[in-house]
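Peer 1: only geometry, no sequence info:
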């Protein structure tokens, strides 16, 4: 204490680390005059104990130690680099390892760093986090959402339903209104494909088959070929140059129907039906497949399946830990993250779990700050944005999730050879977790 002549102005501190609680032997030590110390030479994947001794400004000590506790230097090696987003000028890449790897990203200075070449400087490790962003200009529940060109778009929703739409620019950190849809809708789906966003189906007083495309360059909407059958609350995603719509509610019952939209031909083709009828499911695209999680059909569901358009087949996957409907999903950091929704009836949640499409396992992650259902979870750059939703009232909340695993590389040359070289050169390294 200051009164005892220690820890006052000019004090220094000796920090020691050991893999033994008896501190015999001492693994490493560091002398510092600041409130923190860097202790080098720790062992990988080992428990280390720490203690500290204080010296006053005259370098006098009573030789006592204060034991600080212990920590584990958990280092998990990525097995590959995954690409969440590849466009003509941007690559979003993340370090990946299967199973429960990287499940402690909220602990201390944890993180995975990704660089575009072996000689580049890695950015600081940042760990897993949620950050509040500017709210929507209009509260929207049961909205549609999509990302295009690094921006996040929000369409329609309740109350109303709304026809208005708005866009969020992560660079300016602001929302702006854009051209409105022809018809107000809620509970519809949206998918970005070849520079346009297609907003399909939903509810406009009754189940809708409407299909409109939005061009951000002209800020104009264009009517497209309607869905074969009117529906709302379906799974949707752009896969292999086509848009896949699966399941939903037709006004009478849950559906299994799967339809594929060819934007070039402006035509729909029926595809293999889902294994389980459902609506209100969360969906996202990864590895060339559309993944569908949970939903509702007489009761809340835990089941999960994915559609491969090349094989025209559905595959069942490990069930979610908890049944839910009206949640949202996004592919981010090599995993499919499912957030929010209804659990056990009308209870909205902040729950956040992620599915590993390669290893087939579920892991728990940092909870979303705002409890809600009927939201959208839209990946853009190195974050995924939870936008809008409802929790008894329609919400304008926007929260950005960063897994800490990935990095966005913008301003790349659009030549395919350059993109391929950039992708091959990506390297990862890890911090202590």
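Peer 2: Arrived safely, thanks for sending. This is a predicted model, so every value here is computed, not measured.
Peer 1: could you find the closest non-adjacent residue to residue 364?
Peer 2: residue 353 (5.6 Å; Cβ to Cβ, 6 or more residues apart in numbering). For glycine as for every other residue, the C-beta is placed from the backbone atoms N, C-alpha and C.
Peer 1: go ahead and confirm residue 380 touches residue 147.
Peer 2: Yes: in this structure residue 380 lies within contact range of residue 147 using Cβ atoms under 8 Å: 4.0 Å.
Peer 1: sheet partners, orientation included, of the helix or strand that contains the residue nearest to residue 364?
Peer 2: According to DSSP states H and E, residue 353 maps onto strand 352-355. Paired strands of strand 352-355, with direction, are strand 335-339 (antiparallel), strand 362-364 (antiparallel) (DSSP bridges).
Peer 1: which positions in the last one come out as buried?
Peer 2: Looking back up the chat, that one is strand 362-364. For strand 362-364, the neighbour count (16 or more other Cβ atoms under 10 Å) marks 362-363 as buried.
Peer 1: which strands and helices sit next to the very next helix or strand once past that strand?
Peer 2: Using DSSP H and E, the helix or strand that follows strand 362-364 in sequence is strand 376-380. Contact here means 3 or more Cβ pairs under 8 Å, 6 or more residues apart in numbering; DSSP states H and E; on that basis strand 376-380 packs against strand 80-86, strand 144-148, strand 151-155, strand 328-332, strand 383-387.
Peer 1: now the ones you listed in CSV, with mean pLDDT and distance to residue 180?
Peer 2: Converted to CSV, these look like this (pLDDT from 0 to 100; distance: least, Cβ to Cβ, whole Å):
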stretch, mean pLDDT, distance to residue 180
strand 80-86, 75, 28
strand 144-148, 97, 13
strand 151-155, 98, 9
strand 328-332, 96, 23
strand 383-387, 97, 18
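Peer 1: nearest to residue 364, out of those?
Peer 2: For the helices and strands packed on strand 376-380, the distance to residue 364 is smallest for strand 328-332, at 15.2 Å, taking Cβ to Cβ.
Peer 1: isn't residue 92 right up against residue 82?
Peer 2: No: between residue 92 and residue 82 there is no contact under Cβ under 8 Å: 9.5 Å.
Peer 1: related to what we said a few turns ago, tabulate the strands paired with strand 352-355 in a markdown table, adding columns for mean pLDDT and distance to residue 73.
Peer 2: What follows is the strands paired with strand 352-355, written out as a markdown table (pLDDT from 0 to 100; distance: least, Cβ to Cβ, whole Å):
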| stretch | mean pLDDT | distance to residue 73 |
| --- | --- | --- |
| strand 335-339 | 96 | 24 |
| strand 362-364 | 93 | 21 |
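Peer 1: so, low pLDDT: which residues of this protein?
Peer 2: For the chain, the stretches with pLDDT under 70 are 1-7, 74-77, 88-89, 103-113, 115-125, 345, 411-433.
Peer 1: residue with max distance from the center of it?
Peer 2: Within the chain, the residue lying farthest from the chain centre (Cα atoms, centre = their mean) is residue 58, at 53.1 Å.
Peer 1: helix/strand/coil for it?
Peer 2: coil (DSSP: H, G, I helix; E, B strand; the rest coil).
Peer 1: same thing with residue 275?
Peer 2: coil.
Peer 1: mind listing what it touches?
Peer 2: Residue 275 sits next to 256, 303, 305, 314, 316 when contact means Cβ atoms under 8 Å, 6 or more residues apart in numbering.
Peer 1: what are the buried residues along whichever strand in the chain runs longest?
Peer 2: The residue-count maximum for a strand in the chain (DSSP state E) belongs to strand 47-55. By neighbour count on 16+ other Cβ under 10 Å, the buried set for strand 47-55 is 48-55.
Peer 1: ok, it: who's next to it in the sheet?
Peer 2: strand 12-18 (antiparallel), strand 66-72 (antiparallel).
Peer 1: state the next helix or strand along the chain beyond the first one.
Peer 2: What that stands for is strand 12-18. Downstream of strand 12-18, the first helix or strand assigned by DSSP H and E is strand 28-32.
Peer 1: may I see the buried residues of that following strand?
Peer 2: 28-30.
Peer 1: quick check: residue 83 touching residue 93?
Peer 2: Yes: the pair residue 83 and residue 93 qualifies as a contact (Cβ under 8 Å) at a distance of 5.4 Å.
Peer 1: more crowded one of the two?
Peer 2: Shown here are residue 83 and residue 93; by other Cβ atoms under 10 Å, residue 93 has more neighbours (27 against 14).
Peer 1: before we move on, what SS does that one have?
Peer 2: Under three-state DSSP, residue 93 comes out as strand.
Peer 1: give the bridge partners for it, please.
Peer 2: residue 83, residue 407.
Peer 1: can you check residue 337 too?
Peer 2: Once the bridges are assigned, which here means DSSP bridges, residue 337 pairs with residue 330, residue 354.
Peer 1: so who does it touch?
Peer 2: Counted by Cβ under 8 Å, 6+ apart, residue 337 has contacts 284, 329-331, 352-354, 365, 377, 384, 401, 403.
Peer 1: ok, so of those, who is nearest residue 73?
Peer 2: Taking Cβ to Cβ as the measure, residue 403 is the one of those closest to residue 73, at 21.0 Å.
Peer 1: hmm, back to that, most tightly packed of the strands paired with strand 47-55?
Peer 2: Comparing these by mean neighbour count (mean count of other Cβ atoms under 10 Å), strand 12-18 comes out on top with a mean of 19.
Peer 1: now it against strand 28-32, angle please.
Peer 2: 170 degrees (axes from the mean of the first three to the mean of the last three Cα atoms, to 10 degrees).
Peer 1: so what touches strand 12-18?
Peer 2: Contacts of strand 12-18 (Cβ under 8 Å, 6+ apart): 23-33, 37, 39, 42, 48-55, 59, 65.
Peer 1: ok, which of the strands paired with strand 352-355 comes nearest residue 220?
Peer 2: Closest among these, using Cβ to Cβ: strand 335-339, at 32.3 Å.
Peer 1: chain center to the following helix or strand past that closest one, what's the gap?
Peer 2: With elements assigned by DSSP H and E, the helix or strand that comes after strand 335-339 is strand 342-343. How far strand 342-343 lies from its chain's middle: 19 Å, per Cα atoms, centre = their mean, to the nearest Å.
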